[in-house]
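Peer 1: The sequence and its predicted three-dimensional model are supplied below.
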Amino acid sequence: MNLAPESIGLIAGSRSLPLDFARLARAAGVRRIVCTAVEGETDPALAPLVDDLIWLNVGQLGKMISAFTSRGVKQVVMAGQVAPKNLFDLRPDLRALGVLMRLKEKNAHSIFGAIADELKKDGVELIEATPWLAPLMPQNGFALGPKLSDAQKADVEFGFKIAKEISRMEIGQTVVVKDGTVLAVEGFEGTDKCLARGGELAGKDGGAVAVKVAKLNHDMRFDIPCIGAKTLEICAAAKISVLALESGKSLLLEREACEELAKKNKVSVTTIS
C-alpha cells in the first residue's frame, strides 16, 4: 500500500486515535487529509491536523459520502469510536435509512461493512488504517506494569479463549475473568462498562483479568480493538489487575500516560496471541 497518497479521507470518531492517525499519515508523507467528524464525538483538536473538516451527525451518510466525492477523495480510512448507543439514537438520512433497512443484523461490523459498500458505489474505497497505525500496535512480548503471576497467566489464556468465542458470535470483544471464572462479557454497553462491571463482580479484593481481542478474520478497516489512558483508569478504579490485548491486532493509545498509570496503579498490560 502506498503510505503517501496525494489525498486520503478520514472518517473520524471519538478519542485520540483520529489525531494519532492524522499525525502519522502526515509523517508518512500524505499531503492532503479530508476529514468528516461527528458532532459531540470527534475532538475539535483534530481541525489543525487536517486540510478539510466537515462536521455531521451520526446517520448523515449521504453528506459524509459527498464530502469525499466532491473533493476528489478516492480512498478513506475509519479511526476512532462511535458510541454504540449512538447507532440507535441516530436520525438516518434517506441513504442511511436504506442501508439500515437492508441489514438483517445490526452490529458494528455489519453497519460499517454496509457503509463501506455505499462508499464503493460512489467510487470511494474504504481501506485499512493499520499501515499508518503500525507504531501503535503492540506485538508479542509487550508488557507494562508488574510481572504476571502463574495464576494470572492462566487467566489470560482462559480469557483469550472465551473472548475469541464471544467475538466469533458477534457478542463483544472483551471478557473479564478471575480464577477460571467468567465475570463479565462485553455486549452492547461497550468495553468500559464491561470492565467496571467485571471488576465489581470480582469482590472487594479485586484481582480480575480482562482480555480484549480481535474477531476471527477481523476486518481491520474498522472497529480495531483499542485501549488508552481512560481504559487503564477504569481498570484501576475497578481493581482489575491485568489487561491483555491480542498482539498485532490491537491499538495502544497515549502510551506514556498508560505506562504511568500501569506503574502507579499496579495494573499489568500484556499481549497474547
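Peer 2: Okay, I see it. Numbering: from 1, shown residues only.
Peer 1: Only C-alpha atoms from now on, for both contacts and neighbour counts.
Peer 2: Will do.
Peer 1: Now Gly180: closest residue in space that isn't a chain neighbour?
Peer 2: Asp155 (5.9 Å; CA to CA, 6 or more residues apart in numbering).
Peer 1: Hmm, I typed the wrong one, I wanted Leu24.
Peer 2: Trp132 (6.1 Å).
Peer 1: for Lys215, what are its contacts?
Peer 2: Contacts for Lys215 (CA atoms under 8 Å, 6 or more residues apart in numbering) come out as Lys164, Ser167, Arg168, Gln173.
Peer 1: hmm, try it at 10 Å
Peer 2: 163-170, 172-173, 223-225, 249 (CA atoms under 10 Å, 6 or more residues apart in numbering).
Peer 1: Wait, a helix at Arg91?
Peer 2: No - applying DSSP: H, G, I helix; E, B strand; the rest coil, one finds Arg91 to be coil, outside a helix.
Peer 1: Give me the neighbour count for it.
Peer 2: 14 (other CA atoms under 10 Å).
Peer 1: how close does it get to Phe222?
Peer 2: Per CA to CA, to the nearest Å, Arg91 is found 22 Å from Phe222.
Peer 1: likewise Ser268?
Peer 2: From Ser268 to Phe222 the distance is 27 Å (CA to CA).
Peer 1: which SSE is the residue nearest to Gly180 in?
Peer 2: In the assignment (DSSP states H and E), Asp155 maps to helix 150-168.
Peer 1: pLDDT (mean, whole number) over that helix?
Peer 2: In this model, helix 150-168 has a mean pLDDT of 97.
Peer 1: next one: stretch 10-19
Peer 2: Mean predicted lDDT for stretch 10-19 stands at 94.
Peer 1: Stretch 130-143 now?
Peer 2: pLDDT averaged over stretch 130-143 gives 96.
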